[in-house]
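Asker: model the following, please.
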Amino acid sequence: MPTISKKGIHLVFALILVTLFTTLQSSTCSNNDAVVINNTATPAGTWRVNLYWDSKDETNKFSGYNFTFATGGQVTATNGISTVTGTWSESSSRFILNFGADVLFSKISHDYLKEEKTIASIKLKDDNPLKDEKLQFVKN
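Answerer: Next up is the predicted model:
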């Protein structure tokens, strides 16, 4: 009998939460309601790193890469020559990226706290207050 990994359980749990939140949002909205940004919705479109700060500005390391976040939890970063895939998930307060052992992208593989998420930007910071690390995406 196959076993389910912790990561698989977390992904299923995150997908259930997204479905539940989306269902609740759609059932409680009326035409007169203000537009509410769903903090757990898939970031549609392509994104680029606007800021990567790890005790110093390292944004240029991700220059030229476009990031696409798929509904199933896969994230792809490509610059037209190189493509790197990983996983992403989020909760109401956290955003998790994992690009595995890739030398460059392992730098941004973390469990971040969400500072802000809108249709045009995602601002994240390290969940360890002793670390001076920030990652920001802007929509292309």
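
Asker: from here on, just use CA atoms for contacts and neighbour counts.
Answerer: Fine.

Asker: okay, and for this protein, where does confidence drop off?
Answerer: Scanning the chain for pLDDT under 70 picks out 1-41.

Asker: how about the helices in it?
Answerer: 6-28 (DSSP state H).

Asker: which parts of it are strands?
Answerer: 46-54, 66-69, 74-78, 83-90, 94-98, 111-117, 121-126, 133-139 (DSSP state E).

Asker: among those strands, which comes closest to Leu104?
Answerer: With C-alpha to C-alpha as the criterion, Leu104 lies closest to strand 83-90 of those, at 9.8 Å.

Asker: could you pull out the buried residues of stretch 101-121?
Answerer: Phe105, Ile108, Ser109, His110, Asp111, Tyr112, Leu113, Lys114, Lys117, Ser121 (16 or more other C-alpha atoms under 10 Å).

Asker: and the furthest pair within the residues you listed?
Answerer: Farthest pair in these, by C-alpha to C-alpha: Phe105 and Lys117, 21.1 Å.

Asker: redo the strands of the chain as CSV? Include distance to Asn60.
Answerer: Below are the strands of the chain laid out as CSV (distance: least, C-alpha to C-alpha, whole Å):
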stretch, distance to Asn60
strand 46-54, 8
strand 66-69, 13
strand 74-78, 15
strand 83-90, 17
strand 94-98, 19
strand 111-117, 20
strand 121-126, 17
strand 133-139, 12
